[in-house]
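Visitor: quick one: sequence and predicted model below, then my questions.
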Amino acid sequence: MQDSKGKTLLKLRSKGFNVPYLILVREKDFVKNKDKVLKNISNKFKTLIAIRSSAANEDSDKSSLAGKYLSFLNIDPKNKLLVGESINKIIKSYDNSKKNEIIIQDMIRDNIISGVCTTVDLHNYLPIININYDKGNRTDTVTSGLNNTHTLTIFDEKVLKIKDKKINNLLLVVKKLKKQFNSNLLDIEFAINKQNKIFILQVRKIVLPKNKKIFPLKVYSQ
């Protein structure tokens, strides 16, 4: 069984990937002792936080519910009323499960690019890297469907030399993630700061529709 979104991030952080500091709050713990959870969040976080979903059914080996649940950004962790309201809204958007969680995570302060990288082309089922990104300090513009995004398509990461250091750094991280997950089918949310540092915000395995497979590029190059 695939780990939850939150547990995946914790595991990646423990493996040395650059994942912003986070804790997981179990829905049942928040419902049982809200004040204790809010106090713990206030004590552990000193700067603005993101409050994100990590539902039991959000990322699985059979399906992905990317974008279904709510997220809240730039929340003051000392504002217990706002933190509590945000968590409650996420919980209300969930299906019933005793395994639902909520991610509490440091916001990235100085990001200049954020986006989503898929390691395959899901329109033509080809082994092509697609990077959809936005220039700015928000981390949700691509996933929320907002416009003003850019697209970069990479047909062969082994031979193509890209002058942009930020993209080169991202491709190195993508390569490490494919090795970590032992999979060439990944959907990766990322952000890049002014120092060209890559932050990983989410990684999920791509679930292909039934009777679909990724075709090698050589089929199309003959």
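Guide: Nice, thanks for sending it over.

Visitor: CA atoms of the longest helix belonging to the chain as PDB?
Guide: When the chain is parsed with DSSP state H, its longest helix is helix 165-181. In PDB, the C-alpha atoms belonging to helix 165-181 read as follows (Å, rounded to 0.1, in the frame of the first residue of the first chain):
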ATOM      1  CA  LYS A 165      20.800  26.100 -14.000                       C
ATOM      2  CA  LYS A 166      17.500  25.900 -12.200                       C
ATOM      3  CA  ILE A 167      16.100  23.400 -14.600                       C
ATOM      4  CA  ASN A 168      19.300  21.300 -14.600                       C
ATOM      5  CA  ASN A 169      19.100  21.200 -10.800                       C
ATOM      6  CA  LEU A 170      15.500  20.100 -11.000                       C
ATOM      7  CA  LEU A 171      16.300  17.300 -13.400                       C
ATOM      8  CA  LEU A 172      19.000  16.000 -11.100                       C
ATOM      9  CA  VAL A 173      16.500  15.800  -8.300                       C
ATOM     10  CA  VAL A 174      13.900  14.100 -10.600                       C
ATOM     11  CA  LYS A 175      16.500  11.500 -11.400                       C
ATOM     12  CA  LYS A 176      17.100  10.800  -7.700                       C
ATOM     13  CA  LEU A 177      13.400  10.600  -7.100                       C
ATOM     14  CA  LYS A 178      12.800   8.100  -9.800                       C
ATOM     15  CA  LYS A 179      15.600   5.900  -8.200                       C
ATOM     16  CA  GLN A 180      14.100   6.400  -4.800                       C
ATOM     17  CA  PHE A 181      10.600   5.300  -5.900                       C
END
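
Visitor: outside of that helix, which residues touch it?
Guide: 12, 15, 17-18, 113, 117, 119, 129, 131, 152, 154, 157, 162, 184, 186, 188, 190, 192, 196-198, 200, 203, 205 (C-beta atoms under 8 Å, 6 or more residues apart in numbering). In short, each C-beta sits where N, CA and C put it, glycine included.

Visitor: helices - which of those residues land there?
Guide: Leu12.

Visitor: residues of the longest helix of the chain that come out buried?
Guide: Lys166, Ile167, Leu170, Leu171, Val173, Val174, Leu177, Phe181 (16 or more other C-beta atoms under 10 Å).

Visitor: from these, pick the one nearest Lys28.
Guide: The nearest member of the buried residues of helix 165-181 to Lys28, counting by C-beta to C-beta, is Phe181 at 28.6 Å.

Visitor: which stretches in this structure count as strands?
Guide: Taking DSSP state E as the test, the strands found in the chain are 22-26, 49-54, 71-75, 101-106, 111-118, 129-135, 150-154, 186-193, 198-205.

Visitor: the fifth one pairs with which strands, and in what direction?
Guide: In the sheet containing strand 111-118, the strands it pairs with under DSSP bridges are strand 129-135 (antiparallel), strand 186-193 (antiparallel).
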